[in-house]
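Participant: Structural data only, the sequence is not supplied:
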C-alpha cells in the first residue's frame, strides 16, 4: 500500500456503457487538474477490445489497445496492464476497469499521489479494496473519519484504570507484588548448619 490519493468506485456490474463513459469523464476531468495525463488500467489488452465492442467510445479503447496511448481533449491517456505496460510512479488519476483485486493491487503499488476510480465487473469485486482504501462511491461525499479515543466510561475504562493503579508505569513492576513482599518479611532459618 504505497499509493496516496483518493479512491472511488462506480456502483455497477458487468458491461455497462454508462459506467465506463462516466469513468472516462472522471478521468479526463481529474487529468485536467493533474498535468493533462491519466492512466487507463486493465488486466490485458484483450479487455480493451471487449470494451470497444459495446461502448459508444470504442475509438478511445481501440487507440489505447493499438498504441498504448490516446489523446482526448488535449489530455494524454496511457495504458497500463498487468503483464505489459506497467507504471511504478505516477501523480494523477487512474481509471481501473474490470480487473478485480489483482489489478487493484498493482494500481495500489504505484508510488505517488494517484487518485483511482474503479469500475467493477461483478458484485463484491472490490469490497476488500473499498475497505482498505476507504473508497467512496463516485459522487458520494467521503464519510468523516472517526478517531478512536481512549475510553472514558464503562467496563473498558474501569479495567484500564485499575490496571494503571496496579502497575508502576515507570518500571512496569506490579505494585501489588511489591506490597506482598514488604508485608511478608523474609523468614530466616533458625537452625544452624552443622558440618
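Facilitator: Yes, it's here. Note that the structure is predicted; figures quoted are calculated from it, not measured.
Participant: so how far is residue 12 from residue 18?
Facilitator: 8 Å (Cβ to Cβ, to the nearest Å). (Glycine included, C-beta is placed from N, CA and C.)
Participant: Would you mind telling me which of those two has more residues around it?
Facilitator: Higher neighbour count among residue 18 and residue 12: residue 12, with 16 against 11, using other Cβ atoms under 10 Å.
Participant: pretty sure that one contacts residue 121?
Facilitator: No - look at residue 12 against residue 121 with Cβ atoms under 8 Å: they stay out of range, at 9.2 Å.
Participant: Quick check: which ranges of the protein have low pLDDT?
Facilitator: Applying pLDDT under 70 to the chain flags the ranges 1-2, 141-195.
Participant: same for the helix ranked longest in the chain, what does it pack against?
Facilitator: In the chain, assigned by DSSP state H, the helix with the most residues is helix 17-32. Applying 3 or more Cβ pairs under 8 Å, 6 or more residues apart in numbering; DSSP states H and E, one finds that helix 17-32 makes contact with strand 37-41, strand 75-80, strand 92-97, strand 112-119.
Participant: Name the surrounding residues that touch the third one.
Facilitator: Pointing back at strand 92-97 there. 20, 23-24, 26-27, 30-31, 34-35, 37-42, 47, 51, 80, 103-104, 107, 110, 112-119 (Cβ atoms under 8 Å, 6 or more residues apart in numbering).
Participant: Kindly confirm my reading that residue 124 is in a helix.
Facilitator: No - Residue 124: not assigned to a helix; according to DSSP: H, G, I helix; E, B strand; the rest coil it is coil.
Participant: Could you check how far it is from residue 107?
Facilitator: 18 Å.
Participant: Go through the helix or strand hosting residue 66 and flag the buried ones.
Facilitator: For residue 66, the element it lies in under DSSP states H and E is helix 58-67. Under the neighbour-count criterion of 16 or more other Cβ atoms under 10 Å, helix 58-67 has 60-65 buried.
Participant: Distance to residue 85 for those - can I get that in CSV?
Facilitator: Output for these, formatted as CSV (distance: Cβ to Cβ, whole Å):
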residue, distance to residue 85
60, 16
61, 14
62, 16
63, 14
64, 10
65, 11
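Participant: Now the residue nearest the centre of the chain: phi and psi?
Facilitator: With distances taken as Cα atoms, centre = their mean, the residue of the chain nearest its centroid is residue 133 (2.6 Å). Main-chain dihedrals, residue 133, degrees, to the nearest 10: phi -100, psi 0.
Participant: what's the spacing between the closest residue in space to residue 6 that isn't next to it in sequence and residue 108?
Facilitator: Nearest residue to residue 6, sequence neighbours excluded (Cβ to Cβ, 6 or more residues apart in numbering): residue 115, at 4.4 Å. Here residue 115 is placed at a distance of 12 Å from residue 108 (Cβ to Cβ).
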